[in-house]
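Participant: Give me the fold of what follows.
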Amino acid sequence: MQEAHDGQGINSWWWYLLATLDYDAAPQRKPDGTATSATPVPIDPSFTSPFVGKGLNDVARWLRDKPQSADVDPRYFGVLDKQAEKSGKIAICRLNDPKVENKVASCVLNDANYSTLFLAGLDSDLDWDELVYLHPYTLEL
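Facilitator: Numbers count the residues shown, from 1 in each chain. Prediction:
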């Protein structure tokens, strides 16, 4: 995650690491619309995600149930699974519409140091379905 923060000067640091499942502890939406702050670096080595040992259904439930005041993207999220962690990459996942698809989420593997730049592109013109088709990734939780 330090590598994702540094990003060789072209990356913004947008990752917020959930330290608890408490919605009140998540970044809160600011009335003026300015961005909330991300997790400060360096990240404490004792940090442990509350999702360790859980599955994508748990992440999906947390995101779908979050209140409007929680300033967390309701659709895209990052996962550091075993394979990604070994390779210095991060799995960027998107929740799928449960009415349309039978999978909870789809993921692509991305270099950690370009990860938030990649996320910014998703807000504009990157086609997620094409990315997943060309670069499918299965999480190793």
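Participant: switch to C-alpha atoms for all contacts and neighbour counts from now on
Facilitator: Fine.
Participant: would you list every one of the helices in the chain?
Facilitator: Residue ranges of the helices in the chain, as given by DSSP state H, are 2-6, 56-65, 82-87, 115-122, 128-134.
Participant: For Pro50, grab the count of nearby residues.
Facilitator: Counted with other Cα atoms under 10 Å, residues neighbouring Pro50 total 14.
Participant: With adjacent residues omitted, what lies nearest to it?
Facilitator: Thr20 (5.7 Å; Cα to Cα, 6 or more residues apart in numbering).
Participant: neighbours around that neighbour, how many?
Facilitator: Counted with other Cα under 10 Å, the neighbours of Thr20 add up to 13.
Participant: Over to the one 10 residues further on?
Facilitator: Summarising burial for Lys30: neighbours were counted as other Cα under 10 Å, giving 12.
Participant: Chain neighbours aside, what residue packs nearest to it?
Facilitator: Distances taken as Cα to Cα, 6+ apart place Thr36 nearest to Lys30, at 7.0 Å, with adjacent residues excluded.
Participant: pLDDT below threshold where in this structure?
Facilitator: Across the chain, the ranges flagged by pLDDT under 70 are 1-13, 35, 98-102, 123-126, 141.
Participant: do that again at 50, thanks
Facilitator: 8-9 (pLDDT under 50).
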